[in-house]
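**Q** Structure here, sequence nowhere to be found:
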């Protein structure tokens, strides 16, 4: 074990500069950990952390800079060293050293594994054909776009009908291709959505021109005489001719580094961690998709962010930890709002559900109640997810269930935006970043935030899925009103009109552009 003098700063090395690894660095800086610790971050991609959730916007001419999460100079100002395009290949736990593929040797006192996950490619014949891509990094997207343009592709398919698969299908559409989605399960998003929600989603995206094939088992890929993928062949002897294929059939934890150095690995993969995010080696921690907590690997960014926050607390001596979280997802998939939380399938014994289904408008909503009807335990929303923040707040126990639970999803029922006064200081406002109402109010009262942009900068609330932004506006309005100030609701600092005033100007002045 390496020795460290009393005056030497603690050496913390973070392996991985993805969204979760970056969030840990932000949390460490926010908590003052950099004052007495030297943090080194190693990322194997050549660019700093970026927003993988918004990857498909890369085909809307978004630049890498538009997607980046690392403000220029922010790491350097905090004394954090960032090494990019470098991969850790070995960890010597006894000496507390790690070695990179460039031969660099780095000592550590605390090691944080934030290596994320890798795409799962089904083991089918022909998967190594040219024109078969995964959908995980900006480099993957650049390769896909280059191939489509070079080959003048017209028809593309995605294997996988989950969250990532539908994002990939959207990417193919943006590239001008006819898009097909092939899913082995009997419905889309089988993990998050029940049958009714999946049917509503499929109708909506098929109306956009995306062809959906469910309950299809891929048998093999056929290629032309030059090795380029040309056809998907299925177990029922049907086939689909294509020009390019994207595989988005799930993820697997990147735990190979942990395996090589002898850390405990979960039964389904992932580095086993306790509630303090510690592995079987007390000096090594793991967060995000590479970690297995209580037998579960979380494939969503929000739990990873919570792990990052919890670990930053642990390393600063706080008596907190990561607890199992209520699964919650909210995304806009091919322009369709989709959300699910808790026991969305109603698998709890003797639970019962209330459903609002409007096929004409493409809206499906379901809430799942406990056997006694007094607790909300899950929900599915397709086509209109505006009530999602309210449902998550109730699920977290920060708001009581209404006497008429069906009003939460009925047309003209519960208001989409929560009333700030109904929430206590400890209530979670931003589930993605685990930000409480009290923390947001504190930023406003102390003058650190005078608008929503300031709240985002100070607390990170609203920087995840964005569903809590309307509530941020309401909290800000309430707190400014208490201080005798008015909320500036102008569209921007250079245009002194709010949205309603713009509508009035258009109507009265007959502006057309």
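**A** Okay, I see it. Values in this document were obtained by computation on a predicted structure and should not be read as measured data. Numbering: from 1, shown residues only.

**Q** mind listing the strands for the stretch 151-300 of the chain?
**A** Secondary structure of the stretch 151-300 of the chain (DSSP state E, counting those that start in this stretch): strands located at 155-159, 178-182, 211-213, 218-223, 229-234, 239-241, 244-247, 251-253, 271-273, 284-286, 291-293.

**Q** could those be laid out in a markdown table, adding mean pLDDT?
**A** Putting the strands of the stretch 151-300 of the chain into a markdown table (pLDDT from 0 to 100) gives the following:
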| stretch | mean pLDDT |
| --- | --- |
| strand 155-159 | 99 |
| strand 178-182 | 98 |
| strand 211-213 | 98 |
| strand 218-223 | 98 |
| strand 229-234 | 98 |
| strand 239-241 | 99 |
| strand 244-247 | 98 |
| strand 251-253 | 97 |
| strand 271-273 | 99 |
| strand 284-286 | 99 |
| strand 291-293 | 98 |
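
**Q** how about those in CSV, adding mean neighbour count?
**A** For glycine as for every other residue, the C-beta is placed from the backbone atoms N, C-alpha and C. Below are the strands of the stretch 151-300 of the chain laid out as CSV (neighbours: other Cβ atoms under 10 Å):
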stretch, mean neighbour count
strand 155-159, 24
strand 178-182, 23
strand 211-213, 17
strand 218-223, 18
strand 229-234, 19
strand 239-241, 14
strand 244-247, 26
strand 251-253, 20
strand 271-273, 25
strand 284-286, 27
strand 291-293, 26
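
**Q** Please name whichever of those is nearest to residue 329.
**A** strand 251-253 (14.6 Å; Cβ to Cβ).

**Q** Report the strands that pair with the closest one, each with its relative direction.
**A** With DSSP bridges as the test, strand 251-253 is paired with strand 117-119 (antiparallel).

**Q** hmm, who's touching the partner strand?
**A** Outside of strand 117-119, the residues within contact range by Cβ atoms under 8 Å, 6 or more residues apart in numbering are 134-136, 247-254, 289-290, 299.

**Q** farthest pair in the residues you listed?
**A** Farthest pair in the contacts of strand 117-119 (Cβ to Cβ) is 247 and 290. Separation: 20.4 Å.

**Q** just curious, which of the contacts of strand 117-119 is nearest to residue 240?
**A** Among those, and counting by Cβ to Cβ, the member closest to residue 240 is residue 247, at 14.4 Å.

**Q** wait, doesn't that closest one sit right on residue 136?
**A** No - look at residue 247 against residue 136 with Cβ atoms under 8 Å: they stay out of range, at 10.0 Å.

**Q** can you map out the helices along the stretch 151-300 of the chain?
**A** 163-174, 195-207, 256-260 (DSSP state H, counting those that start in this stretch).

**Q** Nearest to residue 369 among the ones you listed would be which one?
**A** Closest among those, using Cβ to Cβ: helix 195-207, at 16.2 Å.

**Q** Check which helices and strands the closest one sits against.
**A** strand 211-213, strand 336-342, strand 352-358, strand 363-369, strand 376-382 (3 or more Cβ pairs under 8 Å, 6 or more residues apart in numbering; DSSP states H and E).

**Q** Swap in 7 Å and give it another go.
**A** Contacts defined by 3 or more Cβ pairs under 7 Å, 6 or more residues apart in numbering; DSSP states H and E place helix 195-207 against strand 211-213, strand 336-342, strand 363-369, strand 376-382.

**Q** elements contacting the third one?
**A** If I follow you right, that is strand 363-369. helix 195-207, strand 352-358, strand 376-382.

**Q** Please identify the most buried of those.
**A** Of the helices and strands packed on strand 363-369, the one with the most neighbours on average (mean count of other Cβ atoms under 10 Å) is strand 376-382, at a mean of 27.

**Q** which outside residues touch that one?
**A** Contacts with strand 376-382, where a contact means Cβ atoms under 7 Å, 6 or more residues apart in numbering, come from 193-194, 197, 200-201, 336, 338-344, 346, 348, 351, 363-370, 387-388, 391, 394-395, 401, 405.

**Q** Ok, stretch 444-455 next?
**A** 440, 443, 458, 461-462, 469, 472-473, 476, 479, 488.
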